[in-house]
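J.: dropping a prediction and its sequence here:
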Amino acid sequence: MKLTDRVQDGIVILQPKGKIMGGPDASLLHDKLYEYIKQDMRKVVIDLKEVDWMNSTGLGILISGYTTLRNNHGHLKLANVTDKIQSLLTITKLVTVFESYDSVEDAVKTFK
Amino acid sequence: MDKPIISGDTIIIPSSQENLADVDLFIEGTLRGYGVQESIIADIAISVSELVNNAILHGNKSSPDKAVTVSIARVNGSVQITVKDQGIGFNPEKVANPIEDANLLKEVGRGIFIVRSLMDSVEITGSSEGTVVCITKAI
């Protein structure tokens, strides 16, 4: 998995690419997310457009980021959720937890 | 054992998550060779990654002395995959339900649930010599 990150209007945009299945690649996403959280960046959008699929490890990273941000008055939102990931979110009922948007721009607008 | 070993329809890996990608490549490559459609390949790959993660972390406790063995076969219109570890076995009945409200925001505990949701059948056999999980999916 590769990961690109940027800040847009004070909002962190993380874009993982590939598969999130555990191990060192999954740690990359987790560590980058927490790097921003430590800098007090509390608005995060994860763009899942380039993620082929993820397993429960990937879901766990999303949940970890979500709860940490929420506990610090911040928020984590998802954008460009693929059909496969949407299916997993539905199966695991996490679709009731995460806000998902059709584009990064749509997600960013909700922070304003 | 330092590196994954592939022999026919089987891959054996050391108990490290660094080897997850090798298993994924092996499984997806084999499934494409069978002519399986991509959506089903993804479901199977996700399931195998869950089982291999469990075998490494929970079964073998990431011990470098222990291996995880993954075998794949085409059987009567389905694919059958077996994942074995060298741990002490586990009781799947003791895994909490991840979709109960109290567990929804837990970061772990969804692996077997996801496998059961995506696969047609899941058989788990535990013994003092390890756990064997056999999954099947119609292709």
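T.: Received, thanks.
J.: and stretch A:9-17, average pLDDT?
T.: Mean pLDDT, stretch A:9-17: 96.
J.: oops, could you answer that again for stretch B:115-134 instead?
T.: On average, stretch B:115-134 scores 95.
J.: quick one: distance of it to the chain centre.
T.: 8 Å (Cα atoms, centre = their mean, to the nearest Å).
J.: what residues sit buried inside that stretch?
T.: By 16 or more other Cβ atoms under 10 Å in any protein chain shown, the buried positions in stretch B:115-134 come out as B:115, B:117, B:118, B:119, B:122, B:124, B:126, B:130, B:131, B:132, B:133, B:134. Quick note: C-beta positions are derived from backbone N, CA and C, even for glycine.
J.: what's near enough to touch the last one?
T.: Contact partners of residue B:134, counting by Cβ atoms under 8 Å, 6 or more residues apart in numbering or on different chains, are B:80, B:81, B:82, B:121, B:122, B:123, B:125.
J.: now whatever residue of chain B ends up closest to chain A: phi and psi?
T.: Chain A sits closest to residue B:17 of chain B, with a gap of 3.2 Å, by Cβ to the nearest Cβ. Backbone geometry at residue B:17, expressed as degrees, to the nearest 10, gives phi -70, psi -10.
J.: what is the neighbour count of the closest residue to it other than its chain neighbours?
T.: Counting by Cβ to Cβ, 6 or more residues apart in numbering or on different chains, residue B:17 lies nearest to residue A:23, which is 3.2 Å off, once chain neighbours are set aside. As a burial measure, residue A:23 scores 19 neighbours (other Cβ atoms under 10 Å in any protein chain shown).
J.: just the pLDDT for residue A:23.
T.: pLDDT at residue A:23 comes out at 89.
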